[in-house]
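Asker: fold the following, please.
(2 chains)
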Amino acid sequence: GAGVSQSPSNKVTEKGKDVELRCDPISGHTALYWYRQSLGQGLEFLIYFQGNSAPDKSGLPSDRFSAERTGGSVSTLTIQRTQQEDSAVYLCASSYLRGGGSQEQFFGPGTRLTVL
Amino acid sequence: KNQVEQSPQSLIILEGKNCTLQCNYTVSPFSNLRWYKQDTGRGPVSLTIMTFSENTKSNGRYTATLDADTKQSSLHITASQLSDSASYICVVSAGSNYQLIWGAGTKLIIKP
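Answerer: Got it, this is the predicted structure:
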């Protein structure tokens, strides 16, 4: 029944390694968002998927970041050649329709990424 | 530049007391304003969503107000409980842009 799930819950990696973060949205939700939350900061938008439309990647901080959404459901956020400044909590959210009006976004618990 | 500022940064109150959290925004055009509660280690959960025409909305012991003229919002918590300890985040949606402008949050601690 479930809400949005994310895995892993915690990831520790060494600088320069690649990581993959997974998000399972609520079934039937057409929109999926990735955010990054650094300590003491507001959420930072990364990328948005809506149905079969091309994703909005305008929030990705560098070309080391990429994301895909397979079959309109599960999404994977990939960070290549990780840097220490990538350390943050990565949150995924989904909503039924395009979330700009009143459509509520439902969040997963996040993945805490630590780059040593 | 679109910004959302919240105050105080943190707040400690005793269980049973009331408190009010503030949010000022400079976002244009304005679509709606949301308050989220984020427990430690969890994702944010929506408390209220208000459009331009709404100036107050309640959700149990939580009451949000919106003054679109002064671009201010507040979240009032009545008869606080230990479970209210969390970060409270003010978020503003700009026009048709689905990208939300997030405040840094107010960290609220309720002490017994």
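Asker: same question for stretch B:84-95, mean pLDDT?
Answerer: For stretch B:84-95, the mean pLDDT works out to 92.
Asker: and the pLDDT for the nearest residue to residue B:78 once chain neighbours are set aside?
Answerer: Among residues not flanking residue B:78 along the chain, residue B:61 sits closest, at 4.6 Å (C-beta to C-beta, 6 or more residues apart in numbering or on different chains). For glycine as for every other residue, the C-beta is placed from the backbone atoms N, C-alpha and C. With respect to pLDDT, residue B:61 has a value of 97.
Asker: what's near enough to touch residue B:61?
Answerer: Shown in contact with residue B:61 (C-beta atoms under 8 Å, 6 or more residues apart in numbering or on different chains): B:77-81, B:84.
Asker: by proximity to chain B, which residue of chain A wins?
Answerer: residue A:107 (2.8 Å; C-beta to the nearest C-beta).
Asker: and that residue, how far is that from residue A:35?
Answerer: In this view, residue A:107 and residue A:35 are 8 Å apart by C-beta to C-beta, to the nearest Å.
Asker: joint contacts of the two?
Answerer: With C-beta under 8 Å, 6+ apart, residue A:107 and residue A:35 have common neighbours A:91-93.
Asker: return the helix or strand in chain B with minimum mean pLDDT.
Answerer: Lowest mean confidence among the helices and strands of chain B (mean pLDDT, DSSP states H and E): strand B:97-102, at a mean of 74.
Asker: can you list the residues that contact the following helix or strand past it?
Answerer: Toward the C-terminus, strand B:97-102 is succeeded by strand B:106-111 as the next helix or strand (DSSP states H and E). Contact with strand B:106-111 is made by B:6-15, B:19, B:21, B:77, B:80-88, as judged by C-beta under 8 Å, 6+ apart.
Asker: so which of these also contact chain A?
Answerer: Filtering those for neighbours of chain A using C-beta under 8 Å from any C-beta of the partner chain leaves an empty set.
Asker: just the ones of the residues you listed in helices?
Answerer: Among these, no member falls in helices (DSSP state H).
Asker: for ChimeraX, write the selection for the buried entries among those.
Answerer: Those of the contacts of strand B:106-111 that count as buried under 16 or more other C-beta atoms under 10 Å in any protein chain shown are selected in ChimeraX with:
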select /B:6,11,13,19,21,77,80,84,85,86,87,88
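Asker: spell out which residues of chain A are next to chain B.
Answerer: A:4, A:31, A:40-45, A:48, A:56, A:58-59, A:91, A:93, A:98-102, A:104-105, A:107-110.
Asker: what helix or strand is the residue nearest the centre of chain A on?
Answerer: With distances taken as C-alpha atoms, centre = their mean, residue A:34 lies nearest the centre of chain A, 2.9 Å away. Applying DSSP H and E as the criterion places residue A:34 in strand A:31-37.
Asker: need the residues that contact that strand.
Answerer: A:23, A:25, A:43-51, A:61, A:67, A:69, A:75, A:77, A:88-99, A:103, A:105, A:110, B:98.
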